Structures are given as structure tokens and as C-alpha cells.
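> pasting the structure only:
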């Protein structure tokens, strides 16, 4: 598969040989998809008479695109090795994805914060980048070239803006925070990796 059409989506061209190395013996289709609200990309196992497929959203920043692509390639490699014997984010996938992140770190000269974040993520891979606030914040900062505040950065009791509404952070849970909307006083949970604006 010719991966050169991916160059406009990648943070640097030097990563292309590594992607080609990972994919040289893999049979699959790759598609850039219109933006989806619920996922950044996905891996679909092959159906009868068709090949496996990786899709990625077209609106991702370059670091988000690369990190998501590596995540999905790990799914492809695990599927082609283990088939249905491996759970989607089980030990086989975590081991494969972690090893690939270590290779990714060595392949290029990255911004130091990204290098450290992917090394940290490689030791305990999450089922989604959003499950790792540190990595998510680094990716958003690099892709936006501006200061990013995640809900995980907001102190308990502090007020913040999210999607045009104002909330108070009440309690931190495992991957989400319990919040209260200021106007309605209704309570909701919002992912800790959500990008917010301090009030």
C-alpha cells in the first residue's frame, strides 16, 4: 500500500518508513472518514470477501492523527495474528501497542513533551488516548499550538466553561468528573480529558 497520501495528515514525513515497515505484510484498506463525534478512528475486522479496514477522521490534528493511526494499526496486527482469540484491548493489544509506541519514539526526533508522553503511555496503554489525560493534553497542545486546559486540570469547586455553558467541578471519578451546571443546578458527568476554559 502506498502511504504517501497520508503525508499531509502526519506531523513529519520521517515517520513514514516506520509506518511502511509495520504495514508491509498486512492486508487491509485505509480510509479517511468525515468527522465523527463518538470516535477518532476505528479498526474493522475483515468480513467475508473483504479486507480488514482502518478509518480515521479527516479533521484530526497531525499528532492526534498519528497517535490514533498507531493505535488502529496495533488492532490490525493483533487481529491478523490472533483473530478472535484476543480481546479488542486485551493483553495482546496492550503489548503490541506499547512496543509500537517505543518504536515510534525512537523513529524520529519528537517534541520532548510528546516523546515523554508516548513513552509513559507505552507502559500502560489505554483503550483510548482520551483515557490518558497527560497524552491527550500534549497532543491537543501540539496540534493547537496554544495553552490547553483539560477538566482534569480544574480544581474541585472551581467554575469552568464547556460548550458555551458554565459548570462547577464537584468530584473527580475514575475517568470523568461530576459537575453542576451553574444556571440549572443540574448535575452531569464530563470526561476528565474534555477541553474546557477556566471561568
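Alright, I've got the coordinates. No experiment lies behind these values; they were computed from the predicted model shown.
> Can you name the helix or strand that the residue lying closest to residue 81 once chain neighbours are set aside falls in?
Nearest residue to residue 81 in three dimensions, chain neighbours excluded: residue 92, at 7.4 Å (Cβ to Cβ, 6 or more residues apart in numbering). No exception for glycine: its C-beta is placed from N, CA and C like everyone else's. Using DSSP states H and E, the secondary-structure element containing residue 92 is helix 91-107.
> quick one, what contacts the residue nearest to residue 81?
Residues touching residue 92, when contacts are defined by Cβ atoms under 8 Å, 6 or more residues apart in numbering, comprise 78, 81, 82, 86.
> Is residue 119 in contact with residue 98, as I believe?
No - judged on Cβ atoms under 8 Å, residue 119 makes no contact with residue 98 at a distance of 9.9 Å.
> residues touching the residue positioned nearest the centre of the chain, list them.
The structure's the chain has its C-alpha centroid closest to residue 129; by Cα atoms, centre = their mean the separation is 3.3 Å. Residue 129 sits next to 40, 64, 67, 68, 71, 121, 135, 136, 139 when contact means Cβ under 8 Å, 6+ apart.
> Take these and lay them out in TSV including distance to residue 192, pLDDT and secondary structure.
As requested, the contacts of residue 129 are exported to TSV (distance: Cβ to Cβ, whole Å; pLDDT from 0 to 100; DSSP: H, G, I helix; E, B strand; the rest coil):
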residue	distance to residue 192	pLDDT	secondary structure
40	17	91	coil
64	17	94	helix
67	18	96	helix
68	19	95	helix
71	19	96	helix
121	15	95	helix
135	13	93	helix
136	9	90	helix
139	15	93	helix
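> With distance to residue 160 added, can I get those residues in CSV?
As requested, those are exported to CSV (distance: Cβ to Cβ, whole Å):
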residue, distance to residue 160
40, 23
64, 22
67, 25
68, 26
71, 28
121, 25
135, 21
136, 17
139, 20
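> Closest one of those to residue 56?
Distances from these to residue 56 were compared by Cβ to Cβ; the smallest belongs to residue 68, at 5.9 Å.
> Return the distance of the closest residue to residue 141 other than its chain neighbours relative to residue 131.
The spatially closest residue to residue 141, leaving aside those adjacent along the chain, is residue 148, at 4.8 Å (Cβ to Cβ, 6+ apart). Using Cβ to Cβ, to the nearest Å, we find residue 148 at a distance of 17 Å from residue 131.
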